[in-house]
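Chemist: Would you be able to build a 3D model of this:
(one chain, ligands or ions: 1)
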Amino acid sequence: MAGFKHENVESLYELLENLGSGHFGVVRKCREKTSGTYYASKFIKTRKCKGSRLGLDREQVEREVSILQQLQHPSIMRLHDVFASKAEMVLILELISGGELFDFIAEKEALSEAEAIEFLEQILEGVAYMHSHHIAHFDLKPENIMLLEKKMPSPKIKIIDFGLAQKIEDGVTFKSLCGTPQYIAPEVINYEPLTSATDMWSIGVITYILLSGISPFQGETDPETLTNVASGNYEFDDRYFKETSEMAKDFIRELLVKEPKDRMTAVECLVHPWIKPLNRKQVVN
Ligand SMILES: COc1cc(-c2ccc3ncc(-c4cccc([C@@H](O)NCCN(C)C)c4)n3n2)ccc1O
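Modeler: Have a look, this model is predicted:
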């Protein structure tokens with residue numbers, strides 16, 4: 001993909017309906033005029049000056065673009081083109097039409113272990129790939145996992161929103177207080193160095209939610225949620241986990257570990273017996 005285009009995005013793309021919006025900006029469906037291919041276009045207002053509270057830092061968006069340009073994996077949404085003007089940047093992205101995993105879970109309340117494993121294996125392959133490129137996402141949550149198509153027998157997932165992602169450099173400490181309370185790891189709250197293990201905590205939380213429909217650390221308020229995360233205390237309430245296999249609980253236990261270096265890596269998760277059964281006896285329904 002070339003560098004940033006400076007012409008008007010509408011010279012090359014026909015802008016269509018709004019798909020949604022969020023902290024990141026607005027996402028619109030669009031159609032590339034030359035090929036007729038449909039994409040998603042993410043419009044991001046950039047700050048006019050350093051002190052301004054409106055818009056995102058240009059460097060922050062350039063970092064997201066640089067990270068996306070390094071990632072080509074089936075589980076990670078693809079960046080196709082980028083436009084930049086004085087006050088706005090537009091990312092042209094692979095169109096993902098199946099909605100958020102968050103909504104998929106909400107409709108089903110909880111998934112079977114086999115369904116959860118099918119999603120998690122794809123998420124872990126994408127995360128193992130990004131970690132192998134020394135990139136951490138730092139905002140993994142069901143809202144940032146989208147389904148490529150609705151109603152497919154085996155839905156394909158896409159990880160989106162790399163707005164908080166960072167290159168993890170050896171010897172370079174990265175700390176941040178960003179993220180969503182119920183998914184962030186204890187080291188984020190304690191303002192300690194963040195690493196790829198920070199993503200693995202979030203995957204433990206996502207797994208817990210996929211299997212139960214409830215969130216392990218969710219409190220009545222954000223401060224209460226953060227206190228629960230910092231304590232690392234959670235339980236497998238029998239009302240939601242009585243049918244859950246010990247193997248699945250072990251998988252979660254090996255991720256929701258306060259000490260980052262003691263958590264499973266994405267590669268270790270992919271060979272955990274719950275994800276990759278060693279024999280038929282270990283296969284879950
Ligand atoms: C690259 O970063 C982003 C990509 C996207 C993205 C990429 C491809 C794509 N195809 C369809 C959509 C889409 C469809 C419906 C709603 C949304 C979005 O507004 N909500 C999903 C994002 N989530 C962060 C709430 C996005 N998207 N969204 C959304 C947010 C991002 O920060």
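Chemist: near the ligand, which residues of the stretch 51-200 of the chain show up?
Modeler: Taking Cβ under 6 Å from any ligand atom as the criterion, the neighbours of the ligand within the stretch 51-200 of the chain are Met77, Leu91, Leu93, Leu95, Ile96, Glu100, Glu143, Asn144, Ile160, Asp161, Phe162, Gly163. All C-beta spots, glycine's among them, are computed from the backbone N, C-alpha and C.
Chemist: 5 Å - rerun?
Modeler: Leu93, Leu95, Ile96, Glu143, Ile160, Asp161 (Cβ under 5 Å from any ligand atom).
Chemist: For Gln182, which residues are in contact?
Modeler: Contact partners of Gln182, counting by Cβ atoms under 8 Å, 6 or more residues apart in numbering, are Lys141, Val205, Ser215, Pro216, Phe217, Gln218, Thr225, Val229.
Chemist: One more: Ser215?
Modeler: Contacts of Ser215 by Cβ under 8 Å, 6+ apart are Gln182, Val205, Tyr208, Ile209.
Chemist: same deal with Pro153?
Modeler: With Cβ under 8 Å, 6+ apart, Pro153 has no contacts at all.
Chemist: Which strand or helix spans it?
Modeler: Following DSSP states H and E, one finds Pro153 outside all helices and strands.
Chemist: Over to Ile92?
Modeler: With DSSP H and E as the test, Ile92 turns up in strand 88-94.
Chemist: send the alpha carbons of the helix or strand that that strand is followed by over as PDB?
Modeler: Sequence-wise, the next helix or strand downstream of strand 88-94 (DSSP H and E) is helix 101-108. What follows is helix 101-108, C-alpha atoms only, in PDB (Å, rounded to 0.1, in the frame of the first residue of the first chain):
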ATOM      1  CA  LEU A 101     -19.000 -10.700  18.300                       C
ATOM      2  CA  PHE A 102     -20.500  -8.700  21.200                       C
ATOM      3  CA  ASP A 103     -23.900  -8.700  19.600                       C
ATOM      4  CA  PHE A 104     -23.500 -12.300  18.500                       C
ATOM      5  CA  ILE A 105     -23.000 -13.400  22.100                       C
ATOM      6  CA  ALA A 106     -25.800 -11.100  23.300                       C
ATOM      7  CA  GLU A 107     -28.200 -12.900  20.900                       C
ATOM      8  CA  LYS A 108     -27.100 -16.300  22.200                       C
END
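Chemist: which is the next helix or strand following helix 101-108?
Modeler: helix 113-132.
Chemist: Give me the sheet partners of the helix or strand following that following helix and which way each runs.
Modeler: Counting by DSSP H and E, the next helix or strand C-terminal to helix 113-132 is strand 135-136. According to DSSP bridges, strand 135-136 has the following sheet partners: strand 166-167 (antiparallel).
Chemist: buried sites along the helix or strand of the chain with the lowest mean pLDDT?
Modeler: When each helix and strand of the chain is scored by mean pLDDT, DSSP states H and E, helix 101-108 comes last, with a mean of 87. Buried residues in helix 101-108, counted by 16 or more other Cβ atoms under 10 Å: Leu101, Phe104, Ile105.
Chemist: Check the contacts of Gln182 for burial and list the buried ones.
Modeler: Judged by 16+ other Cβ under 10 Å, buried ones among the contacts of Gln182: Lys141, Val205, Ser215, Pro216, Phe217, Gln218, Thr225, Val229.
Chemist: Out of those residues, list just those in strands.
Modeler: Per DSSP state E, strands hold no members of the buried ones among the contacts of Gln182.
Chemist: just curious, which of those is nearest to Asp57?
Modeler: Nearest to Asp57, judged by Cβ to Cβ, of those is Lys141 at 22.2 Å.
Chemist: Distance of that closest one relative to Ile159?
Modeler: 10 Å (Cβ to Cβ, to the nearest Å).
Chemist: all strands for this structure, in order.
Modeler: Using DSSP E, strands in the chain cover 13-22, 25-32, 38-45, 79-84, 88-94, 135-136, 145-147, 157-159, 166-167.
Chemist: Tell me which residues are up against the last one.
Modeler: Residues lying outside strand 166-167 but in contact with it, judged by Cβ under 8 Å, 6+ apart, are Arg63, Ile67, His134, Ile135, Ala136, Phe138, Phe174, Ser176, Leu194.
Chemist: What subset of those is buried?
Modeler: Restricting the contacts of strand 166-167 to buried positions leaves Arg63, Ile67, Ile135, Ala136, Phe138, Leu194, with burial counted as 16+ other Cβ under 10 Å.
Chemist: Switch those over to CSV; also include distance to Asp57.
Modeler: Listed next are the buried ones among the contacts of strand 166-167 as CSV, based on distance: Cβ to Cβ, whole Å:
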residue, distance to Asp57
Arg63, 9
Ile67, 15
Ile135, 19
Ala136, 19
Phe138, 16
Leu194, 18
